[in-house]
Structures are given as C-alpha cells and as structure tokens.
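Visitor: any chance you can model this:
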Amino acid sequence: MQSLIGTGVALVTPFNEDFSIDTEALKRIVNFSIDNGIEYLVVLGTTAENATLSQDEKELVIKTVIEINNGRLPLVLGVGGNNTMKVVEELKTRDLSQFVAILSVSPYYNKPTQEGIYQHFKAVAEASPIPVILYNVPGRTASNILPSTVLRLANDFENVVAIKEAAGDIVQAMQILKNKPKDFLVISGDDMIALPMVLAGGSGVISVIGQGFPKEFSEMIRLGLNRKVEEAFKTQYLLSDGIDMIFEQGNPAGIKQVFLSLGIAENTVRLPLIKVDESLANRIGQFVEKINKQA
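Guide: Residues are numbered from 1 along each chain as shown. Alright, predicted model coming up:
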C-alpha cells in the first residue's frame, strides 16, 4: 500500500451559514490539499462531522470529492461504527471502486473487550472488498485497541493493511512497530507526534492540520521519512503552536477557523460543536498570517 505512505488528510465537511453543505468550499479544500503536496485524501472521517450528516449528505460529500479529485490522489473512505452488522451491510452494498481502502474506527460507546474488538474487525475484514485501515482513537471511543489485538488482526487478515494510531501514546505505537508484519503500515492519527512516529518506523499520518497547512506539513513528513531529522523538526516546531490551537476547543472547530482565516471556507460547525471563541479565533488568525509570511 505505497499510496498510503506520507500525508493523508481527514477532510472537513464545510457548511454554509444555514448549515447546508458548501460543496464549492469542499472543492476548494480538496484542490488546496492536492496542489500543496498531500499524498491522499480521507473522506467522511471524524473530522468530517460524520455523526451529524444525513445519508443523503454523506453521498453528496462522497460524490463531490470523487468528482473534484478526478483520480489525482488516492481516496480513503471512512466506514465504521458501533453496530457491526450495519458496518458489514454498508461494506457489502456500497460501491467502493473509487477508493483504495476504508478507514474503520473501533466501536465507540459500547466499550467492547479486546475479543469483541477482534471479532468486530474480523467481520469488517471478511466483508470488505478493499483493504482495511484500523482506526484506534480511545479518546473518542473510550476503548483502546491494544497492540496485541492490532497484531493479531494484522497477522490473521491480509486485507488489514494498516492502523491509524491515535491513542497519543508513542510507546504503544512503538510496540506495534516493533512486532508488526513487514508490510503492515502504522499511520499516526495524532498531528503532534506524527514526526516522532515516522522516525520510529511509521509510514506517515492522517492529519487534521495538514489540510490547513498542506505544503509545510506534508514536506515535514517527507523529510522525516527520508531521515532528514533537523530539517523536519524545524517545521514541527514551526507548526506546534498551531496544532495545539486547532484542538484547543474541539475538532474540527479549530481547523475550520484556519480555513476562514485562509479565505477558503466558513467556520460553521453543527451542534453539539460550536465555533471557537473570539480569543482563539484571533490567535489562529495571527498564526495563519505568521506561517503565510514565512512561506
């Protein structure tokens, strides 16, 4: 899965002020990412506010991204949930021909055991006609996929090709990296530790901030993959305050404020999320201006 090495971005779903989907802004965001060095695009992940989209809106997002991408970059689709049968049914009925892989989040809210997580992903792997990227984000799911479970899945199913590891735990990531099958990819799901994970043997990142600063962030990851450590960390430290800021009052409220500052999209989010407050909006605006001056 060479197409998943480097920087992927978890695309936002931009909204108009009336909360309808702003397809023109979505097209601008996709082009902005492609034109500035991103390696692949992730559609309908957590950052897309997937939980607040109707089925018709999800189809509109998918259709819009496929059309504007026009085959330029590989696409990954978020297909996950805490109802295993529903996830399996979607995998069996959806046309996945435009996607290189699915990104499937560990079941949330239910808090399954490790065996329950294994059996869930076993069903996903057996149903999916394309490769599967596991998604571990215990801060949202309240259930951590332990390295032993990741490795069991990676060894048991050829189409389980990667994990987006977003536990924020570099030691856990290193345990997977140490013992993984040769071709299994460990992808950071945490922007702040993406570079250290790459340097430890990771394959890249599925990023939030990468879509706001695609040129800088994707180049940082490429430098890391090429072991140009000092140059990579210069960019890490340049962007680190921005990474903190975009998550300070929730994702994707922060990155949408970045897009407003860039003049690419509005900063509208759907409840229960709300826009960042005026203080943070001003700080994000100043940060965007600082990065643009250095570009």
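
Visitor: where along the stretch 51-200 of the chain do the helices fall?
Guide: Along the stretch 51-200 of the chain, the stretches classed as helices by DSSP state H, counting those that start in this stretch are 55-69, 84-93, 114-127, 138-141, 147-156, 170-179, 194-199.

Visitor: and the ones you listed: which comes nearest D18?
Guide: With CB to CB as the criterion, D18 lies closest to helix 55-69 of those, at 13.3 Å. Using the backbone N, CA and C atoms, a C-beta is placed for each residue, glycine as well.

Visitor: so which elements touch the closest one?
Guide: Contact partners of helix 55-69 among helices and strands, from 3 or more CB pairs under 8 Å, 6 or more residues apart in numbering; DSSP states H and E: helix 23-35, strand 40-43, strand 75-78.

Visitor: and of those, who's closest to E248?
Guide: helix 23-35 (21.2 Å).

Visitor: what's the closest of the helices and strands packed on helix 55-69 to K256?
Guide: With respect to K256, and counting by CB to CB, the nearest of the helices and strands packed on helix 55-69 is helix 23-35 at 9.9 Å.

Visitor: sorry, back to before: the helices and strands packed on helix 55-69: which one's closest to E289?
Guide: Evaluated over the helices and strands packed on helix 55-69, closeness to E289 peaks at helix 23-35, with 17.0 Å, by CB to CB.

Visitor: would you mind listing the buried residues in the closest one?
Guide: With burial defined by 16 or more other CB atoms under 10 Å, the residues of helix 23-35 counted as buried are 23, 25-30, 32-34.

Visitor: and if you look at stretch 74-90?
Guide: In terms of neighbour count (16+ other CB under 10 Å), stretch 74-90 has its buried residues at 74-82, 84, 87-88, 90.

Visitor: between the two ends of stretch 177-189, how far is it?
Guide: Length of stretch 177-189, first residue to last, CA to CA, to the nearest Å: 15 Å.

Visitor: average pLDDT across that stretch?
Guide: Per-residue pLDDT over stretch 177-189 has a mean of 97.

Visitor: and what of stretch 261-271?
Guide: Confidence over stretch 261-271 (mean pLDDT, whole number) is 98.

Visitor: correct me, but L262 touches G212?
Guide: Yes: with contact defined as CB atoms under 8 Å, L262 reaches G212; the gap is 7.0 Å.

Visitor: overlap in contacts of those two?
Guide: Overlap between the neighbourhoods of L262 and G212 consists of V288, taking contacts as CB atoms under 8 Å, 6 or more residues apart in numbering.
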